[in-house]
Structures are given as C-alpha cells and as structure tokens.
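> predicted model and sequence follow; I will ask about them next.
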Amino acid sequence: MVSQEQRRRQLAREKFLRQQQRRTSARRKARMRNSVIASVLGVVVIGSVALYTTGVLKNGDDDKKTNASADVTPSATPSKKAPDPCAKPAAGSIGKLQWKKEPAMTIDTSAKYTMKLATTCGDIGIALKASAAPHTVNSFDFLAGKGFFDHTRCHRLTTNGIYVLQCGDPTGQGSGGPGYTIPDENLKDASLKGNKYPAGTVAMANTGQKHTGGSQFFLVYKDSPLPPSYTPFGTIDTAGLKVLDKIAAAGENTGAGDGAPNATVVIDKATVTKS
C-alpha cells in the first residue's frame with residue numbers, strides 16, 4: 001500500500017513532467033513561429049533587393065536614354081536621315097557578267113598600276129600593288145576593262161569596331177561576284193602590323209575561307225582591327241580618303257554601325273591604268 005508521502009511525491013513528479021511537456025511544447029511552437037517569421041522576412045528582403053536592383057537597372061537605362069536624348073542637337077530629327085552628300089548615279093545599268101575561271105595573267109608585275117573609282121560621291125584614286133598581289137590586280141584590270149564595276153552600288157558601311165566601305169558586288173546584296181575566285185595574296189604586307197588594317201588600305205573581301213576572293217573589296221577609311229586574312233592590294237589617295245570620310249559621316253541605315261550607307265554610293269565608272 002502506497003503511503004501518503006509516496007503519493008505526494010508521485011503527484012509532484014507528475015506535475016513536474018506535465019510542466020516540462022508544456023515548456024517543451026511551447027519551445028517547439030516558438031521555434032516554428034520564428035522559422036516562419038524568418039522565412040517570411042527572407043522573402044521580403046530578397047524581394048526588396050530584387051526590386052531595388054531592378055529599379056537601379058531601369059533607372060540606369062532611363063538615364064542612358066535621357067543622356068542619349070540630351071546628346072541630340074535641337075536641329076536633329078531622329079526620324080529623318082541626314083542629307084545625302086552624293087550626286088545621282090550616271091545613266092546606265094549593271095552588266096550581268098560571269099566567267100567560269102580566273103582570267104589569264106596579262107599585267108606587267110614590274111609596272112605601276114592605278115585604279116580610279118569615279119563614284120557619285122567623288123573620285124577615289126588607288127595605287128595598286130601589282131608585284132605584291134599580281135592575281136588580284138590582274139583580276140581588277142580585267143573586270144574594270146569589261147565594265148563589271150560600272151553602275152554598281154557600294155552596299156556596306158561599317159562605322160563601329162571596323163571602319164570600311166565595301167563595294168564590288170553587282171547584286172548590291174553582298175552575295176555577288178564574277179563567277180570565279182582568286183587566291184589570297186600579300187597577307188604579310190608590312191602595313192599589316194598588330195592585326196590592323198590601316199586607313200587608306202584597299203583589300204579583298206572573302207567568305208572567311210582561304211582563296212575565296214572574287215570581286216568584292218573594301219576601302220578602309222580609319223585604322224581597323226582585323227586579322228591578316230584579306231588580301232591588301234592597294235592604297236587610297238588623299239582625295240579618296242576625304243570622299244570616304246564624307247560617306248562615313250552620313251552614317252548607315254541600321255544605326256548599329258553596320259549596314260547600307262545612307263549616302264548613295266555608286267561606282268559610275270572604274271578604270272585601271274598602267275603607267
């Protein structure tokens with residue numbers, strides 16, 4: 001039989017256990033509540049940071065737009081092109097001329113040759129490098145003699161990164177040529193230092209593969225970083241560089257720095273002369 005003292009101790013122990021259970025339960029509930037609060041706060045903080053960051057980027061973009069707008073002079077109208085600095089093309093049409101193979105070599109590599117591009121924007125004189133790039137100069141002599149370049153439009157102007165005017169495509173789309181290709185030449189020209197084509201260089205365009213030059217060429221009006229993969233075959237005279245500067249100042253049609261020139265650049269007549 002349980003004595004009174006034992007019964008009192010048993011009740012006290014049970015009371016103590018009940019208190020412990022209530023305290024444990026209370027602590028567990030508190031931890032859960034704190035975890036939920038912490039999670040909610042975490043979401044709020046992350047959301048706030050995201051909103052703040054988005055706000056900063058948006059404001060930055062807005063600032064850029066504001067600055068860009070501030071840079072426009074009051075007289076400029078973004079929706080209108082700058083006045084065309086070039087004259088109307090001469091009467092005539094592009095000849096649809098094609099050949100199956102590169103023309104036979106007829107130039108004298110020891111002689112001096114010059115090419116004149118009579119364009120709607122002014123004359124561009126080019127001293128050709130016959131001895132260093134004989135296949136290229138011979139091809140241009142042949143094509144110019146056949147009137148291949150006459151009335152063709154210079155279809156591409158770059159004003160960002162590299163600075164060139166590209167011509168020589170009878171289609172005016174960047175995909176045309178004479179029907180044959182010529183080998184790469186003169187890729188170790190002394191002027192090509194540090195992967196740069198200096199202002200005044202005339203070089204062949206290609207497909208990015210070796211020996212794929214045709215009739216398309218580019219005129220460099222400002223030093224341009226390019227790998228030595230494009231045959232340099234001529235040098236532009238001072239008057240010609242001024243013509244190119246005028247064309248470049250009119251910009252190109254995309255506004256991104258690479259597109260068709262806003263100026264009406266047409267080669268009315270191309271001639272190669274031996275001297």
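Received the coordinates, thanks.
> now Ile124, what's its secondary structure?
strand (DSSP: H, G, I helix; E, B strand; the rest coil).
> an error on my part: the question was meant for Phe142.
Quick answer, by three-state DSSP: Phe142 is helix.
> what's the burial count for Ala260?
17 (other Cβ atoms under 10 Å). C-betas here are computed from N, CA, C, even on glycine.
> can you report phi and psi for it?
phi -70, psi 140 (degrees, to the nearest 10).
> contact partners for it?
The contact partners of Ala260, taken as Cβ atoms under 8 Å, 6 or more residues apart in numbering, are 155-157, 252-253.
> mind listing the helices for the stretch 51-200 of the chain?
134-145 (DSSP state H, counting those that start in this stretch).
> before we move on, the earlier item: with pLDDT and neighbour count as extra columns, can I get the contacts of Ala260 in JSON lines?
Below are those laid out as JSON lines (pLDDT from 0 to 100; neighbours: other Cβ atoms under 10 Å):
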{"residue": "His155", "pLDDT": "98", "neighbour count": "21"}
{"residue": "Arg156", "pLDDT": "98", "neighbour count": "22"}
{"residue": "Leu157", "pLDDT": "98", "neighbour count": "27"}
{"residue": "Glu252", "pLDDT": "97", "neighbour count": "21"}
{"residue": "Asn253", "pLDDT": "96", "neighbour count": "12"}
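> in strands, which of these appear?
156-157 (DSSP state E).
> for the contacts of Ala260, which one is nearest Lys188?
Arg156 (26.3 Å; Cβ to Cβ).
> report the beta-bridge partners for Leu165.
Leu157, Leu219 (DSSP bridges).
> residues in contact with it?
Leu165 neighbours (Cβ under 8 Å, 6+ apart): 154, 156-157, 218-219, 221, 244, 247-248, 261, 265.
> cool, and Lys269?
Per Cβ under 8 Å, 6+ apart, neighbours of Lys269: 90, 116-118, 150.
> again, 6 Å this time
118, 150 (Cβ atoms under 6 Å, 6 or more residues apart in numbering).
> for it, grab phi and psi.
Dihedral angles for Lys269 - degrees, to the nearest 10 - are phi -150, psi 130.
> same question for Val272.
Per degrees, to the nearest 10, the backbone of Val272 is at phi -110, psi 130.
> what sits against it?
Per Cβ under 6 Å, 6+ apart, neighbours of Val272: 113, 115, 140-141, 144.
> distance-wise, check it relative to Asp223.
27 Å (Cβ to Cβ, to the nearest Å).
> which strand residues bridge Glu252?
The partner residues for Glu252, given DSSP bridges, come to Pro261.
> coming back round to it: for PyMOL, write the select line for the buried members of the contacts of Leu165.
Per 16 or more other Cβ atoms under 10 Å, the buried members of these correspond to this PyMOL selection:
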select buried, resi 154+156+157+218+219+221+244+247+248+261+265
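> save the contacts of Leu165 as TSV, and put in distance to Thr136 too.
Below are those laid out as TSV (distance: Cβ to Cβ, whole Å):
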residue	distance to Thr136
Cys154	18
Arg156	19
Leu157	22
Phe218	13
Leu219	14
Tyr221	20
Leu244	20
Ile247	23
Ala248	24
Pro261	24
Val265	22
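> from the contacts of Leu165, pick the one nearest Lys100.
For the contacts of Leu165, the nearest to Lys100 is Phe218 (25.5 Å; Cβ to Cβ).
> phi, psi of Leu241?
According to degrees, to the nearest 10, Leu241 has phi -60, psi -40.
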